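# Predicted model and sequence follow; I will ask about them next.
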Amino acid sequence: MMHRVFLPPLLAAMFVTLLRANDRQVLTKDVVIEETVIEDEITEFDRDHWSFQPIVPHHPPTSTLGGVDRTPIDAFVQVQLAKKGLQPSKPAARNVLLRRLTYDLIGLPPTLEDLSSFEQDSSPRAYQRVVDWLLASPAYGERQAQDWLDLARFAETDGFEHDRVRPDAWKYRQWVVDAINDDMPYDHFVRAQLTGDQTGRPQDAIATMFCLAGPDMPDLNEQDLRRHDKLNEITSTIGSSLLGLQMQCAQCHDHKYDPISQADFYRLRGVFESSIGELQRDKPIATLVDFAEPFTPHVYYRGELGNRGPRVDAAPPRVVCDERTLETFDFRHPRQAFCDWLLSDVNPLVSRVIVNRVWQRHFGKGLCENPSDFGVVAGGATHPELLDYLATQLRHGKWSLKRLSREIVMSAVYRQASEPHSEIDPENRWYSHFPRKRLEGELIRDSLLFVGDRMNAEYGGPSVMPPLPTELKQSLLKGQWSESVRQADHHRRSIYIFARRNLRYPIFDVFDRPDAGSSCAVRGRSTTALQSLQMLNGDIVVDASVSLRDRLLRDCNNDQAKMIDTLFLFAFSRHPSSSELIRMKKFLNGEASAVTQSPLPMRLLTLCVAALNANEFVYLD
Amino acid sequence: MNAPGQLSQTRRAFFSSAGSGFGAVALAAMASKGASEAHEPTVDWFTPRRARVKRVIWLFMHGGPSHVDLFDPKPDLRRLAGKPLPESFGAIKTRRKVATNPLLGPLKPFRRHGQSGIEISDFLPEISSHADELCVIRSMHGDSVNHPQSVYQMNTGSILMGRPSVGSWVAYGLGSENENLPAFVVLPDPAGGLKGGPPAWGNGFLPASYQGVTMRGGENPILHLQPPSGFTRQQQIESLELAQFLNRQHLESRGGDDELNARIKAYELAFRMQASAPDLVDLTQESAATMQLYGIDRKETRDYGQRCLLARRMVERGVRFVQVYSGDTNGWDAHSDVLTNHTEHCLATDRPVGGLLTDLKQRGLWDDTLVIWGGEFGRMPMSESGKGRDHNPWGYTIWLAGGGVQGGMAHGATDAIGLRASENLVHIRNFHATLLHLLGVDHEALSFYHNGLDERLIGPTDDVEIVREILT
């Protein structure tokens, strides 16, 4: 019979030194002396924070506004608007709405045919039909996947010095695209990414690359340090991406604000401790694997590998657990047990966090403005009851994200115009109008290919490498960017462009694509002159303009007004105003151009470049 | 708007038309948005009267120059050459298991220079002639024996990938002095291959407008600066005018959205940069004497000389933070033969660096500019492969020069053989804090709210100190 004696760190350390054991564990024949964790108890006050409280299945309030288009979401939003003395906006114009929706769901502008058929279809179900059709499009997953890949700090190389290629990384990306297209229930989606290696089907293991998608330095001398860093990085990522808890500071010390102790961090890390074995130098790690010899989780003081503290058992953070969860947590199968807890009804965080992210996808901002931080200093939801309502709906709806998205885009708040009409709420916290959004760099590139009719819409497969400016290529090591041989591959959708961690593709880079160094929940939205230079002078824009110009020349039968009209439809999904038409016509027939001698095709090209550089091309109303 | 037929054909005319009607509104918007135009910092971390310098030129010797062969004289190392590391030095962590290799003596003699008598080796005769202007820190230390981690740490304060670089922090903290140029410019070695790559000058979680903008000499100093072939300059001017016409119509019907407004201004800035950037890198404006001063007249010093001269032209125009990298993917990383490697790299950089120091003085830029010279770490006293040396982050040298720092000073020391920093230790964090301090920035206050934390360059702890001894 073995006895465990737990001592506070100092005393334990004295024994350890005394008996020259190096493990902060002292073994006599049948007694183990161990250092105990010292941490603050979780108090009622700690648990009282809104995000740790159970989800309340709120019923939509009775709306003061009637109408067939009003959904439960609108009822929640309306209550807040009314309190602030605000009114919702009128519905967006049909072409504006279709452009917004099409970009939002599949990341492309509507075609001219889509535009005209939608504008002509006056049936009440016309909008819903478009929504369902877009949700079912394979392009839907191609558009939505990048958000998740940002959270997963996904790239296809290691980073650091050698930035070596991870040959299977594209398969993880494809798994994400497919899962979204198949509307894999979110609980399955999460479970697969934490335990896919344990299903018995080898093809499922790739999903666990989610855990390992961050930077890595396989050539590190100290492979135990590599493993240590990796585990800590996984723990932080799981905390922020799934739980909305910023845990990374707790790897060194108890969290300053949130009730997360250092031991909590290492308990969560304990869930993954035995899923990464001893690492080998220069050997990549692509998926989680359980090792026969389990590793014992420990606290590491100051986060340092050389400063090992007491052992802990794998467990979720205490503040979101009841006693029973902790007592019954099966730490022999910690990942399964963790998923069971994560996705169970007692966990209030996971569903709140994901519905907030989906809301952010559609409105450009979350109901909680810090989507990966639901801790005590980050600020709560503008519409807490709506958040809980959506979280409840998600669970009742079998965790279907498409269903959630559908409910959101069917709401009147989503379908309203983007024009501010009141001074009361300049930040638009209460959604009195639709928040204007800017396209991401990936979508700007896709749109350029699309309007030039050059997009290769092939679905899935390994990544492609379109040409890179020589100056950038020179900055890489030899062979790090070998242009795809097949010309058609240069025109694949942006999601399929090879994601090198140390060099983001230029147009993505300049438009705020995150660096895949850590999980990213909200992209920056900077406005810089470098973006303007990229749009003015990048081959990609001029090439698109040339194709668009040729398309107009071909289709418009020498009719200049029609050329302008069609250009506006392609670039902005609308007809030109009369003043725009006058100005553009003047330019096109040579009256307003300094290069009057230049032939029409040249002037039309100038006009196309202008349209693709206009704000309206990259901003969605 | 201009009447048809009177369309502007000059840049000047373009500005007056493109900017009409929105100037004041847009400027106000820019200040609050912190976009890449000039703005007066009104933040609590900046105290203008405390600023000792306005600008920084960082000469980054990529690969890790050998302090014991350049700036840190070690007679004991010469004496012990060929012998193993004495046991008294204890266990040492190395990259390439060189701990038990025989010690390698300094490869060139050291001499005292100037009135200060600072000792510098014969590898660097030109820099030596500036000894009385240098503030040599011989007790630098960092945390990793690996290149990329150390490149990241020197540049961002962290051995992990993805944190904002010092230049980005400075650009964020102080803004730009020249509205036509970026605040933070990087002049990489044209041979490329920095270990760790562009994340070394990345903006991390700071807004992208603060990232280091890579510039080069020649026709195309910035990516996408000029219209591609098949699209003339005149076409571009016209397309911009049309786009801005559309933008103004778009904005008018949308009640003055700050962001849309900022994008209009960004196009104007881009347009101005197309003129100002080539002008900036046009070295034909410089005299023959200047070309000679920087070694541009000689093949072996031409490249680094040109880039040092570019750095001077940039700080002259108000660029806040310029990094000039020396060394391709191997650079100063002398694993197999320090003598050959350092002879080559010292030759390529010594005159340009000396020329830069002279030039800053003669142009009155000295007092407002801080020059930093150093790599991501130094090198081991033990030999590797006979005549080479392995990485050493535990003790090494950098030097500073220019405003706010004492010239002719050697601060701190390594142990008898240059293995570890042993006196007045300066961790990279403290160096960063000192750098911010010289710019008038409170290193503890400079922060950015990200994911629930006030992130800082110097990290979360309160134990980071300014190296006050080196300040004037």
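Thanks, I have it.

# Just give the number of residues close to A:Lys473.
16 (other Cβ atoms under 10 Å in any protein chain shown). C-beta: built from backbone N, CA, C; applies to glycine.

# Next, B:Leu471: phi, psi?
Phi and psi for B:Leu471, reported as degrees, to the nearest 10, are phi -80, psi 150.

# For it, give its distance to chain A.
30 Å (Cβ to the nearest Cβ, to the nearest Å).

# List the contacts of that residue.
With contact set as Cβ atoms under 8 Å, 6 or more residues apart in numbering or on different chains, B:Leu471 has these partners: B:52, B:404-406, B:434, B:437-438.

# my read: B:Arg52 touches B:Gly440, true?
Yes: with contacts counted by Cβ atoms under 8 Å, B:Arg52 reaches B:Gly440, the gap being 7.2 Å.

# These two: which is more packed in?
Set B:Arg52 next to B:Gly440 and count neighbours by other Cβ under 10 Å: B:Gly440 wins out with 20 against 17.

# Touching, the more buried one and B:Phe46? I think so.
Yes: B:Gly440 lies in contact with B:Phe46 (Cβ under 8 Å); the separation is 5.8 Å.

# At which residues are the helices of the stretch 501-621 of chain A located?
A:506-510, A:529-537, A:539-555, A:560-572, A:578-588, A:600-613, A:615-618 (DSSP state H, counting those that start in this stretch).

# typed the wrong thing, it's the stretch 301-450 of chain A
A:323-328, A:334-342, A:349-363, A:384-396, A:401-409, A:412-415, A:441-451.

# Export those helices to a markdown table and append columns for mean neighbour count and mean pLDDT.
Formatted as a markdown table, the helices of the stretch 301-450 of chain A follow (neighbours: other Cβ atoms under 10 Å in any protein chain shown; pLDDT from 0 to 100):
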| stretch | mean neighbour count | mean pLDDT |
| --- | --- | --- |
| helix A:323-328 | 11 | 89 |
| helix A:334-342 | 20 | 96 |
| helix A:349-363 | 22 | 98 |
| helix A:384-396 | 21 | 97 |
| helix A:401-409 | 20 | 98 |
| helix A:412-415 | 23 | 96 |
| helix A:441-451 | 23 | 98 |
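
# of the ones you listed, which approaches chain B most closely?
Nearest to chain B, of all the helices of the stretch 301-450 of chain A, is helix A:441-451, at 10.2 Å by Cβ to the nearest Cβ.

# Near the closest residue to chain B within the stretch 451-600 of chain A, how many other residues are there?
Among the residues of the stretch 451-600 of chain A, A:Gly517 lies closest to chain B, at 1.8 Å counting by Cβ to the nearest Cβ. By the criterion of other Cβ under 10 Å, A:Gly517 has 24 neighbours.

# ditto for B:Asp257
When neighbours are defined as other Cβ under 10 Å, B:Asp257 has 17 of them.

# quick one, what contacts it?
Shown in contact with B:Asp257 (Cβ under 8 Å, 6+ apart): A:436, B:251.

# which stretches of the chain have low pLDDT?
Assuming you mean chain A. A:1-7, A:9-10, A:12-33, A:63-69, A:592-597 (pLDDT under 70).

# please go with chain B instead
Within chain B, the segments meeting pLDDT under 70 span B:1-42.

# That one: helices as residue ranges?
B:11-19, B:23-33, B:67-70, B:75-80, B:125-128, B:147-156, B:166-174, B:233-252, B:258-280, B:288-293, B:299-316, B:338-362, B:428-438 (DSSP state H).

# Pick the most buried one from the ones you listed.
Greatest average neighbour count among these goes to helix B:67-70 (a mean of 29), per mean count of other Cβ atoms under 10 Å in any protein chain shown.

# From the contact counts, what lies against that one?
strand B:118-121, helix B:338-362, strand B:378-379, strand B:396-402 (3 or more Cβ pairs under 8 Å, 6 or more residues apart in numbering or on different chains; DSSP states H and E).

# Indicate which one of the ones you listed is closest to chain A.
The nearest among the helices and strands packed on helix B:67-70, by Cβ to the nearest Cβ, is strand B:378-379 at 16.6 Å.

# Close to chain A: what parts of the stretch 351-472 of chain B are there?
Contacts of the stretch 351-472 of chain B with chain A, taken as Cβ under 8 Å from any Cβ of the partner chain, map to B:451-453, B:460.

# for these, which one is nearest A:Thr237?
Comparing those against A:Thr237 with Cβ to Cβ picks out B:Asn451 as the nearest, at 11.8 Å.

# Alright, that wraps it up for me.
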